[in-house]
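I would like the atomic coordinates for the input below:
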Amino acid sequence: MLNSAWAHVKANKGSRTPGVDGMTRDQVNAATLEKLREELTTGVYAPVPVKRSYAPKKQRDKSRGKKKRPLGIPTLLDRTVQEAAKRILEALYEPVFRPSSHGFRPNRSTISALRHVAYAYKAGASWIIEGDIKACFDSIPHHVVLNLLRKRIKDERFIDLIRRFLQAGCMESGKRHDTYSGTPQGGIISPILANIVLHEFDVWMEAQGANRPQETNKEYRARQTPAYKQLTRRIKYLREQLKQGAPFPKGRSAVEIKAELTRLEQERRRTKPSTAHPSVRYVRYADDFLVILNGASRADAEAWKANIAVWLKETLGLTLSEEKTLITHADETLRFLGYDVQGIRNPNGTRWARLSIPTDAYQSVVERLQDATRYRHAPELDVFANVNALARGWSQYYCYANDSKVKLSRLTGIVYWLTALYLARKHNQTVRQVMRSHYGRDPKTGHLALSIIDPHGKALFVWNKYPAHRSILSPGGTAIDLKPYISTTWAGGRSLERKAQGEAQAKGCCDGCGREMKKLIAHHPNRLRNAGSVKAAAQSGYEQDVKMLCYECHKDHHHGDTKHQ
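You can find the predicted model right below:
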């Protein structure tokens, strides 16, 4: 299992970042994994403290300043062990996790959670509790995690391994800090440990009456209003008459029956279909959750909030944030998993969930596109790759919004103009001149768009077609709310364009030894570690040469052997 776990860790881009021991991917081999296996078997394995770093936190209110979230970077060997432990825990707990849990689980995503919310609104939402657990991942008591694991796991050696990860500590500015609560920061195992703890909350919510089985058709018909029932019976009778055909009762014509049928169908759409059916729907994604009350009052929502806060504190040792845990009416807008959600009333009094793209999210993607096209020295292939990755990923996530067609259509225009202005600056031309040489029809989408010719002689078009709107109620969809990776390494000499040029020139042969190889590594002889300015670094990085080397020649270069230079 360790070999499979290491292969998964190595394939992740995060494996390029070493932990506090400084070990890199090249230093992990079969002997290293065998030694790790022996340490785990004999019980002498001890996790190393994680290296603490900070990542910017998403802020809806920019006036409060940018907050940062602490992250931990475990060593590569610790990540491998955590990946193996995670697979064991998933096999044990996935069968018992509740359908209301959607975060960090196979075949579930933010989209499946939003679909759950949409169905809850459709059932007659009145008040919503927006739950927020204060510093959830950092404040879970260790004894709670270990005691819950003992409910399903009898192997104390495995539980002791988890304990060691929990208490490994972290290194910051050369000093070690002990960890007395919380799951391993940045660890692979952290999400499933948090899910195991919050699974108890899911079970408790269901015991309190949340997410009860959907009522039967018989139960629903019993709640229907007399006016709605009468209209339904009459509409059914008229449809049967039209189906049977002439002669019609009382000498009526088909035109008269169709006119009455249309009038009654319009009247039924304005008629309240049923009386309120008090129910509670609950959905959780990681530590964010919604409690959607149907046919309830604000007082009921306040009572639910108070009971949840008490239970979380007494049972799991977690604190419900008073500031961020809000009670919102279904007619008002709330933010959940990157979408704005609002209950819209139908003419008959029922509701449906309208999903929309938040203004700040739209402004953020525009700013990132501007950053990607800001520098004239940036290689064309790098700029196009960055713009396409950002626009494609962002639009795929927000294609479920009801206003996606309007905003994504506008985004295609923004992408066009930003790219056109970048090319104009790049080649010292006007936009009209750029249009003559870089504008054509994209064969994949059929749209007119800007393009460049990559080093392999193929046309690369900029993103020009947004995905069609998808109903959140339609099955499928596993989009993840992650920021697309934008490469800025061209400023340091690691340009995608230069690499592609090197591949085209090498034609599959190593520039060092001349052997024909299926896989070659791009080697940048003049690394720019201490460039004075961004402009100087960009220009120099763009102009430097790249060698395409086999693994052995590339290894010789980095060990000081210059025989192939």
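
Give me the three-state assignment for residue 450.
Under the three-state scheme (DSSP: H, G, I helix; E, B strand; the rest coil), residue 450 adopts strand.

quick one: contacts for it?
Residues near residue 450 by Cβ atoms under 8 Å, 6 or more residues apart in numbering: 416, 419-420, 423, 434, 438-439, 461-462. For the C-beta atoms, the positions are set from N, CA and C on the backbone; glycine is no exception.

again with residue 16
Residues touching residue 16, when contacts are defined by Cβ under 8 Å, 6+ apart, comprise residue 25.

hmm, back to that, among the contacts of residue 450, pick out the one closest to residue 93, please.
residue 462 (44.1 Å; Cβ to Cβ).

So the closest one sits against residue 384, correct?
Yes. Checked against Cβ atoms under 8 Å, the pair residue 462 and residue 384 is within contact range at 5.7 Å.

overlap in contacts of those two?
With the criterion set as Cβ under 8 Å, 6+ apart, the overlap between the contacts of residue 462 and residue 384 is residue 419.

Which pLDDT value goes with the spatially closest residue to residue 466 that is not a sequence neighbour?
Of all residues not flanking residue 466 in the chain, residue 408 sits nearest, at 3.6 Å (Cβ to Cβ, 6 or more residues apart in numbering). What the model reports as pLDDT for residue 408 is 97.

swap in the one 4 residues further on?
What the model reports for residue 412 is a pLDDT of 96.

What lies in contact with the helix or strand in which it is found?
Assigned by DSSP states H and E, residue 412 falls within helix 404-427. The list of residues contacting helix 404-427 from outside it, by Cβ under 8 Å, 6+ apart, reads 357, 362, 365-366, 369-370, 372-374, 376, 378, 380, 383-384, 387, 391, 394-395, 398-399, 401, 429-431, 433-435, 438, 449-450, 452, 462-467, 469.

same check, this time on stretch 343-361
Contact with stretch 343-361 is made by 60, 62, 114, 117-118, 120-122, 124-125, 268-273, 330-333, 335, 338-342, 398, 400-404, 407, 472, as judged by Cβ under 8 Å, 6+ apart.

could you dump the contacts of residue 450 to CSV with pLDDT and neighbour count?
CSV is the format used below for the contacts of residue 450 (pLDDT from 0 to 100; neighbours: other Cβ atoms under 10 Å):
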residue, pLDDT, neighbour count
416, 96, 17
419, 96, 27
420, 96, 20
423, 96, 25
434, 94, 20
438, 94, 22
439, 95, 16
461, 96, 21
462, 96, 24
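
Max pairwise distance over these: which two?
Using Cβ to Cβ, the pair of the contacts of residue 450 lying farthest apart is 434 and 461, separated by 14.1 Å.

residue ranges with poor pLDDT in the stretch 351-500 of the chain?
Within the stretch 351-500 of the chain, the ranges that satisfy pLDDT under 70 run 476-499.

Also the chain?
Segments of the chain classed as low confidence (criterion: pLDDT under 70) are 55-70, 185, 476-499, 501-506, 511, 517-518, 522-545, 551, 554-565.

same thing but at 50, please
Low-confidence segments of the chain (pLDDT under 50): 61-64, 481, 528-532, 534-542, 561-565.

of the contacts of stretch 343-361, buried ones?
Among those, those classed as buried by 16 or more other Cβ atoms under 10 Å are 114, 117-118, 120-122, 124-125, 268, 271, 273, 330, 335, 338-342, 398, 400-402, 404, 407, 472.

Which ones among these lie within helices?
Where the buried ones among the contacts of stretch 343-361 overlap with helices, as defined by DSSP state H, the overlap consists of 114, 117-118, 120-122, 268, 404, 407.

What separation is there between the residue nearest to residue 110 when sequence neighbours are not counted and residue 277?
Distance criterion Cβ to Cβ, 6+ apart; nearest residue to residue 110, sequence neighbours excluded, is residue 337 at 4.3 Å. Using Cβ to Cβ, to the nearest Å, residue 337 is found at 26 Å from residue 277.

out of the two, which sits in the busier spot?
Taking other Cβ atoms under 10 Å, residue 337 and residue 277 do not tie; residue 337 has more neighbours (22 against 13).

Contact partners for the more buried one?
Each residue near residue 337 by Cβ under 8 Å, 6+ apart is listed here: 110, 113-114, 285, 288, 481.

Go through the residues you listed and name the one nearest residue 236.
Relative to residue 236, and with distances defined as Cβ to Cβ, the nearest of the contacts of residue 337 is residue 114, at 34.9 Å.

For the closest one, give its distance to residue 318.
When Cβ to Cβ is the yardstick, residue 114 and residue 318 sit 24 Å from each other.

Over to residue 79?
With the distance defined as Cβ to Cβ, residue 79 ends up 26 Å from residue 318.

higher neighbour count, the two?
residue 79 (25 against 22).

Can you name the residues that contact that one?
Contact criterion Cβ under 8 Å, 6+ apart gives 9, 15, 187-188 as the residues in contact with residue 79.

could you redo the last one with a cut-off of 10 Å?
5-6, 8-10, 12, 14-15, 19, 50, 73, 186-189 (Cβ atoms under 10 Å, 6 or more residues apart in numbering).

where's it, which helix or strand?
Under the assignment given by DSSP H and E, the secondary-structure element containing residue 79 is helix 76-93.

What is the distance between that helix and the centre of its chain?
In terms of Cα atoms, centre = their mean, to the nearest Å, the centre of helix 76-93 is set 21 Å apart from its chain centre.
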